[in-house]
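Engineer: structure for the following, please:
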Amino acid sequence: MPRRRGIVTKARMTVMEPGTLTNTVHVRHTFSVWLQALRVHFVPCSVLPATLGTVIAWSRFGLFHAGDFFLVLVAVTVNYFGLAMMDDVFDYMQAVDRLSGNGKNPYSGGSGVLTSGALKPVQVLRAAAFCFTLVAIIGFYFVFTKGWPILLFGIIGLFSSIFYTAPPVRFGYRGFGEAGLLVNFGPVIGLGAFFVQTGTLAWEPFTASLALSFMMWSMIIINEIPDYEEDRCGGKWNLVARFGREKGIRFFTAGLAAAYLTIALSVASGMSPLPALLGLSSVPLALRCVRILRERYTDRVEMWPANHAMVQVHALTALGLIAGYLLAGLHPGS
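Structural biologist: Residues are numbered from 1 along each chain as shown. Got it, this is the predicted structure:
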């Protein structure tokens, strides 16, 4: 009787080449380390203002160039990566992010890749230089295709990002860091993205993105509070280090209030459409964030839920504004 095929099978064994598993683990570890160095959880702070400026251009003028929008997103994201890495290196060299402490708040104190020895400062600096070079290339492309105002946006953005902690300017150490990031992570990105789409400047994208500027201000302040002692010891005299954590809570709350007031007044004046009030949908979460901060601000580890909530508040506000302008574009006259 013939033997039926397919009943009995032999298991095939895959023999790995020596070192393959080790190399795979090394690649995954390297990727994880660089992902940590880039601090990707703050990327929306760059991407959302750019998206808002672009959506306003479509909503108000019916203009949308997908390729240009993609390049804008690449530029603002990569510029943020460069800023994050430069900040990491010079804070580390200043001994701000390697002083002893009682634990780590994941939203403050740098990425940790330098203090752990996972990367060397020269490696991170080279990566930051590559990022800024790519941003400059995209910027010059827009200067030649869209006009000279892009050069102004680019100079402000790159200068602020590079010299946030880099000598000799180091304005993040001199009490001007919050103001510099407030300008850049709002009007510079939002209005710049609007100009790329329309070739014009207008008050509406400036005002709308200003609300996200104040949100960014509050995010910076709340992330400085856990580093209060380290920043003072390292000579990083930001607003919280200068005036104390209690005043920092006031600065933080004032930033939130200014953001929501900007949205409300912009709609009330007729500059922004009524659906833009969706930007106020983050108010309950913002109030929860303030409550947690007031209760736990003296413990940098225990206050991390407030830092996390602030990232969500910024994103929810931006998404509300974006959704509002999308609705206005779909239903003109709203």
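Engineer: show me what contacts residue 81?
Structural biologist: For residue 81, the contacting residues are 38, 127, 128, 131, by Cβ atoms under 8 Å, 6 or more residues apart in numbering. In this view, the C-beta of every residue, glycine as well, is placed from N, C-alpha and C.
Engineer: what's the distance between the second one and residue 121?
Structural biologist: Right, the one you point to is residue 127. 11 Å (Cβ to Cβ, to the nearest Å).
Engineer: give me the more crowded residue out of those two.
Structural biologist: Under the criterion of other Cβ atoms under 10 Å, the comparison of residue 127 against residue 121 puts residue 127 first, with 18 against 14.
Engineer: need the contact partners of the strand or helix carrying residue 256.
Structural biologist: Here residue 256 sits within helix 245-268, counting by DSSP states H and E. Residues outside helix 245-268 that contact it (Cβ under 8 Å, 6+ apart): 178, 204, 207-208, 210-215, 217-218, 221-222, 224-225, 228, 239-240, 243, 272-274, 276-277, 279-280, 283, 286, 290, 293-294, 297-298, 313, 317, 321.
Engineer: next step: these restricted to helices.
Structural biologist: If you go by DSSP state H, the contacts of helix 245-268 have 178, 204, 207-208, 210-215, 217-218, 221-222, 224, 228, 239-240, 243, 283, 286, 290, 293-294, 313, 317, 321 in helices.
Engineer: which parts of the helix holding residue 256 are buried?
Structural biologist: Neighbour-count burial for helix 245-268 flags 245, 248-249, 251-253, 255-256, 258-260, 262-264, 266-267 (criterion: 16 or more other Cβ atoms under 10 Å).
Engineer: with stretch 236-244 instead?
Structural biologist: Applying 16+ other Cβ under 10 Å to stretch 236-244 flags 236, 237, 238, 239, 240, 241 as buried.
Engineer: and what of stretch 64-71?
Structural biologist: Under the neighbour-count criterion of 16+ other Cβ under 10 Å, stretch 64-71 has 65, 68, 69, 71 buried.
Engineer: ranges for the helices of the stretch 51-200 of the chain?
Structural biologist: Along the stretch 51-200 of the chain, counting by DSSP state H, counting those that start in this stretch, helices occupy 66-93, 121-146, 149-162, 177-183, 189-198.
Engineer: could I get these as a markdown table with mean pLDDT?
Structural biologist: Shown next, in a markdown table, are the helices of the stretch 51-200 of the chain (pLDDT from 0 to 100):
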| stretch | mean pLDDT |
| --- | --- |
| helix 66-93 | 95 |
| helix 121-146 | 96 |
| helix 149-162 | 93 |
| helix 177-183 | 90 |
| helix 189-198 | 97 |
